[in-house]
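In: Whatever this is, show me its structure:
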Amino acid sequence: MKETLTLYHGTFLKHVSNIIKDNYHITNSKNWMGRGAYFFLEDIFAFTWCVDLYKNEISSNFNKDDFINNMAILENSIEIDSERLLDLTYFKGQEIIDIAYKKLLSSKKYKLKLENASSNEKMAIIIEFLFEKVGFKSNYDAVKQIYRLHTRNYKDIFGNRERGIPQYQICIKNNNIIKSISIFKYDDKIDSYRERWKNMINDTTFQKIGEYTLDEYMYLDSNL
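Out: Numbers count the residues shown, from 1 in each chain. Below you'll find the model as predicted:
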């Protein structure tokens, strides 16, 4: 059954014209879901991704006008057969990952590779094995996963199952399923994005657990 999804991608403004003209480059990522083009189901996460890019590569001091002049969010329409989406948010998808993981552990080569990999890299190794060695490339066009943010903020409030802010990502392996790409207007939403984060429990604006220290990710509060 064909589905049409709207997905959001955060990037530098200088890359937009090439993306719209030539489609997305399938990166050789070693993290998350392996090689592909990455998207969010919600625009606010594309914005926070842009904030990270801006902070790491342009300036640690956030300036709204400068940010708007350098960063872009692209809105994308994709068409995908539901059976060609490897959905790791369902039992069936996770079952495939678990079986593949056990199989890889039985191989000396992959066992060593997995033992030396970070937690993010382990998932990428498994997914790349499925797509490049098992033939999933012929059967699937994209992978969907859910990640949890702010998990430490919810430690004493919710149980492990409910803890954290859910962030859905889709890694597109076949960019032919992308049917349209357009610039998403976000400049009038920046203040709203910030206020929405302030509604979250123990808010630490745009925190990405494990990536930045408290001082590093709080830089936005005094500058927006």
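
In: how about the strands in this protein?
Out: The residue ranges that make up the strands of the chain, judged by DSSP state E, are 2-12, 37-40, 71-81, 85-87, 142-149, 165-172, 178-184.

In: Let's have these in TSV, adding distance to D191 and mean neighbour count.
Out: All C-beta spots, glycine's among them, are computed from the backbone N, C-alpha and C. As requested, these are arranged in TSV below (distance: least, C-beta to C-beta, whole Å; neighbours: other C-beta atoms under 10 Å):
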stretch	distance to D191	mean neighbour count
strand 2-12	18	16
strand 37-40	20	22
strand 71-81	15	19
strand 85-87	34	21
strand 142-149	20	18
strand 165-172	19	19
strand 178-184	16	15
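
In: Next, format those as JSON lines and append distance to S107 and mean pLDDT.
Out: JSON lines is the format used below for the strands of the chain (distance: least, C-beta to C-beta, whole Å; pLDDT from 0 to 100):
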{"stretch": "strand 2-12", "distance to S107": "34", "mean pLDDT": "96"}
{"stretch": "strand 37-40", "distance to S107": "28", "mean pLDDT": "96"}
{"stretch": "strand 71-81", "distance to S107": "31", "mean pLDDT": "97"}
{"stretch": "strand 85-87", "distance to S107": "22", "mean pLDDT": "96"}
{"stretch": "strand 142-149", "distance to S107": "22", "mean pLDDT": "89"}
{"stretch": "strand 165-172", "distance to S107": "24", "mean pLDDT": "90"}
{"stretch": "strand 178-184", "distance to S107": "34", "mean pLDDT": "98"}
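
In: do you know which of those strands lies nearest I26?
Out: Checking those against I26 by C-beta to C-beta gives strand 37-40 as the closest, at 6.0 Å.

In: List the contacts of that closest one.
Out: 7-10, 24-27, 29, 32, 46, 49, 76, 167-172, 175, 178 (C-beta atoms under 8 Å, 6 or more residues apart in numbering).

In: one more time with 6 Å
Out: Contacts to strand 37-40, defined as C-beta atoms under 6 Å, 6 or more residues apart in numbering, come from residues 7-9, 24, 46, 169-172, 175.

In: Grab the two from those residues that are most spread out in space.
Out: Spatial extent of these (C-beta to C-beta) is set by the pair A46 and N175 at 17.2 Å.

In: who's more crowded, those two?
Out: Neighbours around A46 and N175, counted as other C-beta atoms under 10 Å, are more numerous at A46. The numbers are 24 against 18.

In: what's near enough to touch that one?
Out: With contact taken as C-beta under 6 Å, 6+ apart, A46 is in contact with 8, 10, 40, 73.

In: ok, so of those residues, who is nearest L149?
Out: Looking across those and measuring by C-beta to C-beta, the closest to L149 is F40, at 11.7 Å.

In: Quickly list what the residue most central in space within the chain is bridged to.
Out: Per C-alpha atoms, centre = their mean, the C-alpha nearest to the average position across the chain is that of Q169, at 4.5 Å. Taking DSSP bridges as the rule, Q169 bridges to F40, Q145.

In: how about N23, what does it touch?
Out: Neighbouring residues of N23 by C-beta under 6 Å, 6+ apart: N175.

In: For T4, which non-adjacent residue is spatially closest?
Out: Residue nearest to T4 in three dimensions, not counting chain neighbours: E79, with 5.5 Å by C-beta to C-beta, 6 or more residues apart in numbering.

In: now do L7
Out: Nearest one to L7, counting by C-beta to C-beta, 6+ apart, is F39 at 3.7 Å.

In: any idea how far A124 is from the one you found?
Out: Distance of F39 to A124, given as C-beta to C-beta, to the nearest Å: 17 Å.

In: Thank you, goodbye.
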